[in-house]
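Student: show me how the following folds:
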Amino acid sequence: MSTPEITDEELVRRAVKCARPHRCFEAPRWVAVKDAFGLGSTKANDLCIRFGLDPDVNVPGIPCNCEDYE
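Tutor: Coordinates of the predicted model:
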């Protein structure tokens, strides 16, 4: 029994949806996508829009134990 193929587009869509900023604090989704894909702000914003996500909505950052995080 073989597993169904996941398209490249579906993999990118999932990565954009699940991206988190590379810092403790929340940030706009486009920042998370920029961090995850190594893109500039314009291309990161475009990817969010392409997959129907608001680039300006805040998403939580990575969990950490830094002193500034409360």
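Student: distance check, the residue most central in space within the chain against N65.
Tutor: Per Cα atoms, centre = their mean, the C-alpha nearest to the average position across the chain is that of A19, at 2.3 Å. A19 sits 22 Å away from N65, going by Cβ to Cβ, to the nearest Å. C-beta here means a position set from N, CA and C on the backbone, and glycine is covered the same way.
Student: quick one: residues contacting the residue nearest to the centre of the chain.
Tutor: R29, A32, V33, D35, A36, F37, V59 (Cβ atoms under 8 Å, 6 or more residues apart in numbering).
Student: mind doing that once more with 6 Å?
Tutor: Contacts for A19 (Cβ atoms under 6 Å, 6 or more residues apart in numbering) come out as A32, V33, A36.
Student: return the backbone torsion pair for it.
Tutor: Here is the backbone geometry of A19 (degrees, to the nearest 10): phi -60, psi 140.
Student: ok, now N58?
Tutor: The phi and psi torsions at N58 (degrees, to the nearest 10) take the values phi -80, psi 140.
Student: now A44
Tutor: Here is the backbone geometry of A44 (degrees, to the nearest 10): phi -60, psi -40.
Student: surely it meets A32?
Tutor: No. Counting by Cβ atoms under 6 Å, A44 sits too far from A32 to count as a contact (8.2 Å).
Student: any regions of the chain where pLDDT drops low?
Tutor: The model of the chain has pLDDT under 70 over residues 1-3, 66-70.
Student: let's see it at 90
Tutor: The model of the chain has pLDDT under 90 over residues 1-5, 22-25, 61-70.
Student: can you map out the helices along it?
Tutor: Shown for the chain, the helices assigned by DSSP state H span residues 8-18, 29-37, 41-50.
Student: next, the angle from the last one to helix 8-18.
Tutor: Interaxial angle, helix 41-50 versus helix 8-18 (axes from the mean of the first three to the mean of the last three Cα atoms, to 10 degrees): 110 degrees.
Student: and E10, how far from L47?
Tutor: E10 sits at a distance of 14 Å from L47 (criterion: Cβ to Cβ).
Student: of these two, which one has the most company?
Tutor: Applying other Cβ atoms under 10 Å to E10 and L47 shows that L47 carries more neighbours, namely 23 against 11.
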